[in-house]
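Trainee: missing the sequence, but the structure's below:
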C-alpha cells in the first residue's frame, strides 16, 4: 500500500491468505483530505471511504490518494473534476478558502458548493469551470451555490440543456451566497421552458444572494414551448430575503424562439420578481428577447434600480405597451418603480424611476466605458445610494477595477469614465 502526498496508511495485516479479508485506513495530514483508493494494476477506483475492507482474491497493490484542502492543482488530463472538488468541499470547515489554479476544469456532473467557504480562481484569472454533460434534469446546473458559499474569480460555461420540459438554471443556481468577479457565459437552453439560462436565483427564507463585479453574457435560449424567463438572470424572492447586484455587466443574452402569448415569459437580460432587491451601477445592454423586455422584465415585487444603464436591448413582441420598451417591460407602476433612481434607459418615452435619463449612454468603442460627453457621466447619485440602499459606492471599484467615484459624482452604469487612460476591450 502506497500513498500520495498528504497522508499515511495503516493496515490490519501486511499479508493475508487467499479468501481472507484485510482492512486499510487512510489518515490525512493537516491541510489535506482523503480522496480515494486506486488499484495500482488496473487503475480502478476501489473506494472513497477512508477505511476500506477487501476480500483477498489476488495480490493487491493500491494507492491512497489525498488532496490539498487549500489548493486544487490543474491537470489537463483529468476529464472530470467534479468528484475532486466535491471531496475538498465536503472535508473543509466553514470559513475555508480553496483556490483553483488557472485552467479549464471539466465537469462531467453537477458541482455543488453548499457551505460557507470560498472557492476562488487564480488571482490573475483564467480559471474556468466548464460543463461537459447535458443539464437535462431539473436542479442540474453546472454550479449550484448555497449555504452562504462565495465563488470568486471563476468563469462558468458550457452548460447545455436540450431535452427537458422545464429547467432551472443551466449555468448557475444560487440560493444563498455570493458570486464575485465571475463570468457566466455561453450556457445554452434548447428545450421547453427555462428560468435563468445563465443564473437562476430563487432567494427566500431570510437568505442573501450577492452578485458583484460579474459578467453575465452570451447565454442563449431557443425554447420550443413557452419561452424563457430571464436568459441572463432569473431572480425571485420576498421581503424576508435580500438580493444585491452591483457593478455587473449583463450583455448579449438572447432568446430566439418560443410563444409570445404569455407576457411574463420575457426578459433577455434579467427577469425579476423580488420585494427586497437592489440593483446598483449595473449595465444591461445588447440583450434580446423574442417576447418582451429585451433588457429587463419586472414581473412584480419592488426591486430598486439605482445608477443603472438599461440601453440598446431589443425585443420581438410589437404588442408590448410598456413606456420603456424594448429595454424594460413588465408589471411596471409608480409603486414598483418609486424606489428606483438615477437610471438611464435609452428607449423610454419617460424616465424610469426618479431623476433618470432617456438617452443614448455613448459607450466607448469596444468597451462599456463611457465617452467623455456621455450623459451618464457624473449623473448617478452616490449619497442617495448610501442613504436609501445602504451601498457605499465611495469604497467600491467599478466593473473594470477602477475606483467607483473618480470625479465629484458617481457615473451611471457598471463603469466609470476614466480621463486620459486608454481603455482595453473586454
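Mentor: Looks like it came in fine. Treat the numbers as computed from the prediction; the structure is a model and nothing was measured. Numbers count the residues shown, from 1 in each chain.
Trainee: Out of the helices and strands in the chain, which is least certain?
Mentor: Lowest on mean pLDDT, DSSP states H and E among the helices and strands of the chain sits helix 334-337, with a mean of 71.
Trainee: Toward the C-terminus, what is the element adjacent to it?
Mentor: Beyond helix 334-337 on the C-terminal side, the first helix or strand identified by DSSP states H and E is strand 344-345.
Trainee: how about the next helix or strand after that following strand: buried residues?
Mentor: Once the chain leaves strand 344-345, the next helix or strand it forms, by DSSP H and E, is helix 382-389. By 16 or more other Cβ atoms under 10 Å, the buried positions in helix 382-389 come out as 382, 384-385, 389. C-beta coordinates here come from the backbone N, C-alpha and C atoms, glycine included.
Trainee: thought residue 106 was touching residue 78?
Mentor: Yes - contact criterion Cβ atoms under 8 Å: residue 106 and residue 78 qualify, at 7.1 Å.
Trainee: Settle it for me: which of the two has more neighbours?
Mentor: residue 106 (18 against 13; other Cβ atoms under 10 Å).
Trainee: Parallel or antiparallel, list what pairs with the helix or strand containing that one.
Mentor: With secondary structure defined by DSSP H and E, residue 106 is part of strand 103-107. In the sheet, strand 103-107 lines up against strand 127-131 (parallel) (DSSP bridges).
Trainee: Just the residues contacting the next helix or strand along the chain from the strand it pairs with, thanks.
Mentor: Downstream of strand 127-131, the first helix or strand assigned by DSSP H and E is strand 143-145. For strand 143-145, contacts defined as Cβ atoms under 8 Å, 6 or more residues apart in numbering pick out 107, 110-114, 129, 151, 156, 169, 171-177, 179.
Trainee: quick one: strands adjacent to strand 143-145?
Mentor: Strand 143-145 pairs in its sheet with strand 111-113 (parallel), strand 172-174 (parallel), by DSSP bridges.
Trainee: what's next to the last one, contact-wise?
Mentor: Right, strand 172-174. The contact list for strand 172-174 (Cβ under 8 Å, 6+ apart) reads 139, 141-146, 156, 179, 184, 196, 198-202, 209, 211.
Trainee: Direction included, what does the next helix or strand after it pair up with?
Mentor: Following strand 172-174 in sequence order, the next helix or strand is strand 177-180 (DSSP H and E). In its sheet, strand 177-180 lies beside strand 149-152 (parallel), strand 208-212 (parallel), with partners assigned from DSSP bridges.
Trainee: Mean neighbour count, distance to residue 368 and mean pLDDT for those - can I get that in a markdown table?
Mentor: Shown next, in a markdown table, are those (neighbours: other Cβ atoms under 10 Å; distance: least, Cβ to Cβ, whole Å; pLDDT from 0 to 100):
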| stretch | mean neighbour count | distance to residue 368 | mean pLDDT |
| --- | --- | --- | --- |
| strand 149-152 | 21 | 21 | 98 |
| strand 208-212 | 21 | 16 | 98 |
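Trainee: Would you tell me which of the ones you listed gets closest to residue 83?
Mentor: strand 149-152 (18.0 Å; Cβ to Cβ).
Trainee: thinking again about what came up before, got TSV for the strands paired with strand 177-180, with distance to residue 34 too?
Mentor: Below are the strands paired with strand 177-180 laid out as TSV (distance: least, Cβ to Cβ, whole Å):
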stretch	distance to residue 34
strand 149-152	22
strand 208-212	33
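Trainee: residue contacts, residue 32?
Mentor: 5-7, 66-69 are the contacts of residue 32 under Cβ under 8 Å, 6+ apart.
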